[in-house]
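*Asks:* The amino acid sequence is not available; the structure is as follows:
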Ligand code: SF4
């Protein structure tokens, strides 16, 4: 009989009073053992709702850090502490602080794909699913520093008709999609709806009929009666898309020099079923954070949660470290 690691994980969840939150970009087997699957905003909110003492975040480390910041009393596990993100790596704290200090009167609107240290010097956190709502709540006379993803920022700037000062970061996965190849794929499939994540380059986004967060793209595939979609985001999302629309043809948007029709995030894919099982057995590795950092970083995350639940928030007049 073949070894059933999913059954082991289910048993360990009960024994350790643990819940698994997984991102859409994880492999399908990981999504299937998770209690909740979603985008980064959903996972951050879900972390505040679950009753279990242990939360295993099957995603990348900044997601687990956000859950820890908002739920300091919980044990938060990640299958692999090396599972970072090119946006996090491209926005080191000291450089981000120096940039932030050049504009003390501005408000720092920071993508959740950032380190806890960068969150601690930000005014509000956004995700691709709530960014518009949050930015619209900022008075029009306030300057906005937007980082670390410049492509998401530029797309939002156009949508909201608002100027930002950008940090020049990008997602190494979404940047791989190639506009020229996409254009010829569209020519071969004129009946396909092109959907794209706003972390893609503008040259790719200009071909998309629908642009949005992973949840928004999933919703489009579910509700749009079209039978064919070209999808410009990470391949893991196909798992849920196929479940919702087994009748639809899903085509990965092309990347330059690909050896496969896929575009996998190397950080998300560091997580495996074996690592999840080991993390639940040993309750390691845990996300650790000193209290001073956690309390500072919580301010910007709390503002995100407050605005998205309809509460009004106060904005600081000036930045102080
Ligand atoms: S897909 Fe891009 S933004 Fe998301 S974790 Fe991977 S590198 Fe970071």
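*Replies:* Arrived safely, thanks for sending. Owing to the predicted nature of the structure, the values given are computational and were not obtained by experimental measurement. Residues are numbered from 1 along each chain as shown.
*Asks:* now the strands for the stretch 201-321 of the chain?
*Replies:* 210-211, 228-232, 249-252 (DSSP state E, counting those that start in this stretch).
*Asks:* Out of the ones you listed, which is closest to the ligand?
*Replies:* strand 228-232 (12.0 Å; Cβ to the nearest ligand atom). Where C-beta positions appear, they are placed from N, C-alpha and C, glycine not excepted.
*Asks:* And that closest one, what's buried?
*Replies:* 229, 230, 231, 232 (16 or more other Cβ atoms under 10 Å).
*Asks:* In TSV: those, plus pLDDT and distance to the ligand.
*Replies:* Shown next, in TSV, are the buried residues of strand 228-232 (pLDDT from 0 to 100; distance: Cβ to the nearest ligand atom, whole Å):
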residue	pLDDT	distance to the ligand
229	98	19
230	98	18
231	98	14
232	98	12
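*Asks:* ok so, going back, export the strands of the stretch 201-321 of the chain to JSON lines and append columns for distance to residue 86.
*Replies:* Formatted as JSON lines, the strands of the stretch 201-321 of the chain follow (distance: least, Cβ to Cβ, whole Å):
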{"stretch": "strand 210-211", "distance to residue 86": "20"}
{"stretch": "strand 228-232", "distance to residue 86": "17"}
{"stretch": "strand 249-252", "distance to residue 86": "19"}
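*Asks:* Please verify my assumption that residue 91 contacts residue 145.
*Replies:* No: the criterion here is Cβ atoms under 8 Å, and residue 91 misses it with residue 145 at 11.6 Å.
*Asks:* Residues that sit against both of those two, list them.
*Replies:* residue 167 (Cβ atoms under 8 Å, 6 or more residues apart in numbering).
*Asks:* pLDDT on stretch 161-173, on average?
*Replies:* The pLDDT scores in stretch 161-173 average 98.
*Asks:* wait, does that stretch make contact with the ligand?
*Replies:* Yes: remark: stretch 161-173 sits within contact range of the ligand at 171, 172, 173, by Cβ under 6 Å from any ligand atom.
*Asks:* how many other residues sit next to residue 203?
*Replies:* A count of neighbours around residue 203, defined by other Cβ atoms under 10 Å, yields 13.
*Asks:* Revised request: answer the last question for residue 298.
*Replies:* 18.
*Asks:* Against residue 305, how distant is it?
*Replies:* Look at residue 298 and residue 305: by Cβ to Cβ, to the nearest Å, they are 10 Å apart.
*Asks:* shared neighbours of these two, which are they?
*Replies:* residue 70.
*Asks:* any idea which helix or strand comes after the helix or strand that residue 32 is a member of?
*Replies:* Per DSSP states H and E, residue 32 falls inside helix 28-33. Counting by DSSP H and E, the element after helix 28-33 in chain order, helix or strand, is strand 36-38.
*Asks:* Give me the buried positions along that following strand.
*Replies:* By 16+ other Cβ under 10 Å, the buried positions in strand 36-38 come out as 36, 37, 38.
*Asks:* List just the nearest of these to the ligand.
*Replies:* Closest to the ligand, out of all of the buried residues of strand 36-38 and judged by Cβ to the nearest ligand atom, is residue 38, at 13.8 Å.
*Asks:* mind checking how far the residue nearest the centre of the chain is from residue 193?
*Replies:* Central residue of the chain (Cα atoms, centre = their mean): residue 40, 4.2 Å from the mean position. Applying Cβ to Cβ, the value for residue 40 to residue 193 is 24 Å.
*Asks:* what's the distance between the longest helix that the chain contains and the middle of its chain?
*Replies:* The longest helix of the chain (DSSP state H) is helix 291-308. Here the centre of helix 291-308 is set off from its chain's centre by 17 Å, with Cα atoms, centre = their mean, to the nearest Å.
*Asks:* For it, which helices and strands make contact with it?
*Replies:* helix 40-49, helix 61-70, helix 116-120, strand 124-126, helix 131-136 (3 or more Cβ pairs under 8 Å, 6 or more residues apart in numbering; DSSP states H and E).
*Asks:* would JSON lines of the buried residues of strand 36-38 with distance to residue 283 and pLDDT be doable?
*Replies:* Output for the buried residues of strand 36-38, formatted as JSON lines (distance: Cβ to Cβ, whole Å; pLDDT from 0 to 100):
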{"residue": "36", "distance to residue 283": "20", "pLDDT": "98"}
{"residue": "37", "distance to residue 283": "22", "pLDDT": "98"}
{"residue": "38", "distance to residue 283": "24", "pLDDT": "97"}
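*Asks:* quick one: which of these is nearest to residue 50?
*Replies:* Of all the buried residues of strand 36-38, residue 36 has the smallest distance to residue 50: 7.8 Å, by Cβ to Cβ.
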